[in-house]
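S.K.: Sequence unavailable; structure follows:
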């Protein structure tokens, strides 16, 4: 009985239909690798130069008194205490407002809403909102939180600033959380439903824990942006020169970036170069601390899985 | 079409069976001729042929087993392999029996014989050859309508069988031929009846192949099913 | 298996051993078969849609209690859609709906007042690709029971379910480790265990072994023989030999042309479907002439 047999072609990989030389291809490969390396290098070098420059000017001025003093027209006794507090207050309030709202909205849009034209419209517009210049949010905040809701917010207060910043970063949090939820395969949802679970049981027990790393990453990015915002805060009435530390959500306030901006626009080099750099260093320190906390939080969740 | 190789192997297998069948038919033809012309030399050609048939049968059986192991057949493929083995068995047995008959013809070449009995035997041989050929044909063409009729033709063989036995038991006046020849005649009668049974069984196996049921239950049901299909 | 036998004897005893016979000669009673008695299901005129596309049309069949029913058919013929209609998982996809009735015992699962969440507890499902939760082995099994309000001894339930899924021995020392750390075959048995933990009446399986290696597949098939003692099993499979080996009844789904809805073409004892089916398309499919 004949077994089916085919005549295997005896041509090797370098058969007559293919060019034998691969050196050109390897050459192109190396050129491309070099190009992308240089691109990375440029970014890193520029960043390093910036950091070194700032550190050079700012670090010598760092001291406990710098952190605990109030701004002053005398460079040597000027400090960042009230604006540091202001930034920390803003950070806390913005996080408290925007994170639950953002994650909640993302869960609704991704898990509960049906695929209608309205839902698709909302999705497109959220992406647009993420790209709107921050000063526009400042104007919006001015109109609504500072003026319209003055009885509740007390006008140009911390809470108005925090609400404005929350609006600003909300789209980013929503998008990041939605992406994280979308990345979870439907098999997880099916497995949950197949055991007789309600939608919320599946979301709460499985989807949110799995989406948390991605959502936290988006939140980190968003909050980092919020800490560094200057223009919208000025529009909603953050003070440029503050002599008292904020003491509650309804208090007047200022923020680190605003102080830095103010110092940079002073003619004296002690302010323009030295103190401004010191302020930047503190701002970056706050950023790094916040990021590290969020990264630690994310890792903790990932390890539990 | 998927499983083309498998289908090819199945077709080749059937071809081998049909080839074997043709050979056995040829032996049977020679046997009939030898009896009709009383020429033992024709019968002599068939001596020792059963070894060859057994070898061919074993080969076919082995091919069936290999196909079964490698291809995991189900439904009609499985029934085909089963039928091939069954038919091959019938063919090989028939070949062996034919060879035995030829032996008997050769050994009693010079003996005196009973005219009536000889005529009956020759008629039986012709009928057995026809039934065998018909069975093989039914298998080749999967024509199960004829399988039913084949059962009827087998009745004729049974009649001849009884007649022959009767003639053997009661020799006609004027000598019934040599005792040696009479004894061999009894054996030949029996072998021929068996060969024709094998032919009928080949037809019956074909019915199983096509319908999946034994001929006794199947014929009625199959005819009914045909009617239903015509009505649809 | 008795390894002291010589090679020749062992081969003969393996050939003559009927797979099903050994399964029925239990040395010990199957562990933990308490729970609701299994019900059969009756499907009547079931059609299913994705939006305006009709995936299956007018399917009617009986699923016998405590038996394994296999569903076979070529790709795209609606087997997965059909089985998902049996536990109302089909309608979770936006825009999907089903018409007709599916009886679980005396109750129509598509009835006006029937709660789909409750139905899905009573009719469990195991999927093609193992999908354990990213939790510990223990939690994987316990979670379903917990949300359905199980009030008994959870440790006992987890152990019993893992034993029924033939996984207990392999994980009893690893209950707190992540379910995702198990091998593919173990993960699938974990999914079976968590389905058993909510004490269903019917277990649906959508090609449960197609992503697994032969040894894991064999373990799952062995499990199925024991499962049908206490549950009704419906299994969709592409593997013809598997359907022939483990099922009592087989249903063949078929579509005549691309874009047509699938329909149930033939349904009968497995023995008949694989030795002598009635319809030509069924025979062409089981002999591998298309699919």
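M.R.: Structure received. Source: prediction; values computed, not measured.

S.K.: give the contact list for residue A:130.
M.R.: A:171-172, A:175 (CB atoms under 8 Å, 6 or more residues apart in numbering or on different chains). All C-beta atoms are positioned from the backbone trio N, CA, C, and that covers glycine.

S.K.: how about residue B:161, secondary structure?
M.R.: Using DSSP: H, G, I helix; E, B strand; the rest coil, the structure places residue B:161 in helix.

S.K.: List the contacts of it.
M.R.: When contacts are counted by CB under 8 Å, 6+ apart, residue B:161 touches B:124, B:189, B:192-193.

S.K.: same deal with residue A:171?
M.R.: A:126-127, A:129-130.

S.K.: of all these, which comes closest to residue B:71?
M.R.: For these, the closest approach to residue B:71 (CB to CB) belongs to residue A:127, at 56.7 Å.

S.K.: tell me, which helix in the chain spans the most residues?
M.R.: By default, I'm working from chain A. Longest helix in chain A by number of residues (criterion: DSSP state H): helix A:23-58.

S.K.: Oops, wrong one, chain C.
M.R.: Chain C, longest helix under DSSP H: helix C:214-230.

S.K.: Give the closest residue to the closest residue to chain B within chain C in space, chain neighbours not counted.
M.R.: For chain C, the nearest residue to chain B under the criterion CB to the nearest CB is residue C:276, separated by 3.0 Å. Spatially, and ignoring its direct neighbours in sequence, residue C:276 is nearest to residue B:212 (3.0 Å; CB to CB, 6 or more residues apart in numbering or on different chains).

S.K.: ok, the one you found to residue A:195 distance?
M.R.: As judged by CB to CB, to the nearest Å, residue B:212 and residue A:195 stand 43 Å apart.

S.K.: more neighbours, the two?
M.R.: residue A:195 (26 against 18; other CB atoms under 10 Å in any protein chain shown).

S.K.: Can you check the pLDDT for the more buried one?
M.R.: On pLDDT, residue A:195 comes in at 95.

S.K.: check contacts around it.
M.R.: By CB under 8 Å, 6+ apart, the contact set of residue A:195 is C:120-121, C:124, C:143-144, C:147-148, C:194-195, C:198.

S.K.: hmm, the longest helix of chain C touching chain B?
M.R.: No: on the criterion CB under 8 Å from any CB of the partner chain, helix C:214-230 is out of touch with chain B, staying 13.9 Å away.

S.K.: Touching that helix from outside, list them.
M.R.: Residues outside helix C:214-230 that contact it (CB under 8 Å, 6+ apart) are C:20, C:23, C:30, C:33, C:35, C:38, C:66-68, C:164-166, C:183-186, C:188-189, C:192, C:203, C:205, C:208-209, C:212, C:233, C:235, C:242, C:245-246, C:248.

S.K.: Of those, keep whichever come out buried.
M.R.: Applying 16 or more other CB atoms under 10 Å in any protein chain shown to the contacts of helix C:214-230, the neighbour count classes C:38, C:66-68, C:164-166, C:185-186, C:188-189, C:192, C:203, C:205, C:208-209, C:212, C:233, C:235, C:242, C:245-246, C:248 as buried.

S.K.: Now do the same contact list for residue C:49.
M.R.: Contacts of residue C:49 (CB under 8 Å, 6+ apart): C:55, C:96-99.

S.K.: Would you check that the residue of chain C closest to chain B makes contact with residue B:209?
M.R.: No: Residue C:276 sits out of contact with residue B:209 when judged by CB atoms under 8 Å, with a separation of 10.5 Å.

S.K.: Mind listing the shared neighbours of these two?
M.R.: Residues touching both residue C:276 and residue B:209 by CB under 8 Å, 6+ apart: residue B:79.

S.K.: mind checking which helix or strand the residue in chain B that chain A sits nearest to is in?
M.R.: Closest to chain A within chain B is residue B:5: 4.1 Å, counting by CB to the nearest CB. Taking DSSP states H and E as the definition, residue B:5 sits inside helix B:4-37.

S.K.: mind listing what's buried in that helix?
M.R.: Residues B:6, B:9-10, B:13-14, B:16-18, B:20-21, B:23-25, B:27-32, B:34-35 are the ones in helix B:4-37 that count as buried (16+ other CB under 10 Å).

S.K.: With stretch A:57-70 instead?
M.R.: Neighbour counts over stretch A:57-70 (16+ other CB under 10 Å) mark A:57-58, A:61, A:66, A:69-70 as buried.
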